[in-house]
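Asks: Just the structure for this:
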Amino acid sequence: MRTNKVMEIIIERDEMVSVSKRSKTLHAFCSVSGKEVWMMSPETISLLYQFSARQIYSLIENGKIHFVETSCGLPLVCSTQSEAIGNFLMCFEHRL
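Replies: Numbers count the residues shown, from 1 in each chain. From the prediction side, this is the model:
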């Protein structure tokens, strides 16, 4: 009689993302949120949620998220929007 052996392998992965002061962030008043918040660049948000910056720019262009523009014309997204962005993009990815 032959017996089968079953081996179970569990892999756990932890990640940490650090946003440094050199990244494009700014602490400012958001008129939409009505409070002082961190404003982050689309690139910083894309690092946090592992989506492309292009997807974040698309949300900005379509009016899905609010932002401010710097004097150089760079968009900075309200940090209160970052969780909504992550949820929106994850839902979008599941539909593909």
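Asks: CA atoms for contacts and neighbours, from now on please.
Replies: OK.
Asks: so where do the strands sit in the chain?
Replies: 25-30, 35-40, 67-69, 75-78 (DSSP state E).
Asks: Of these, which is nearest Ile11?
Replies: strand 35-40 (32.4 Å; CA to CA).
Asks: Not counting the closest one itself, show me its contacts.
Replies: 24-30, 67, 76-80 (CA atoms under 8 Å, 6 or more residues apart in numbering).
Asks: What strands flank that strand, and is each parallel or antiparallel?
Replies: Counting by DSSP bridges, the strands paired with strand 35-40 are strand 25-30 (antiparallel), strand 75-78 (antiparallel).
Asks: Quickly list what Phe67 is bridged to.
Replies: According to DSSP bridges, beta-bridge pairing links Phe67 with Val77.
Asks: That one: what's it in contact with?
Replies: Here Phe67 is in contact with 39, 60, 75-78 (criterion: CA under 8 Å, 6+ apart).
Asks: Could you do Val68 as well?
Replies: So, once contact is read as CA under 8 Å, 6+ apart, Val68 ends up touching 75-78.
Asks: Could you turn the buried ones of these into a ChimeraX selection?
Replies: Command for ChimeraX, covering only those of the contacts of Val68 found buried under the criterion 16 or more other CA atoms under 10 Å:
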select :75,76,77,78
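Asks: For the contacts of Val68, give me JSON lines that also has distance to Met7 and pLDDT.
Replies: Shown next, in JSON lines, are the contacts of Val68 (distance: CA to CA, whole Å; pLDDT from 0 to 100):
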{"residue": "Pro75", "distance to Met7": "51", "pLDDT": "89"}
{"residue": "Leu76", "distance to Met7": "49", "pLDDT": "88"}
{"residue": "Val77", "distance to Met7": "47", "pLDDT": "88"}
{"residue": "Cys78", "distance to Met7": "47", "pLDDT": "86"}
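Asks: Any buried residues in stretch 37-57, and which?
Replies: Neighbour-count burial for stretch 37-57 flags 37-46, 48-49, 51, 53, 56-57 (criterion: 16+ other CA under 10 Å).
Asks: Now the two most distant members of those residues.
Replies: Val37 and Phe51 (22.0 Å).
Asks: Now for the contacts of Phe67: which two are most distant?
Replies: Across these (CA to CA), the longest gap, 13.5 Å, separates Met39 and Ile60.
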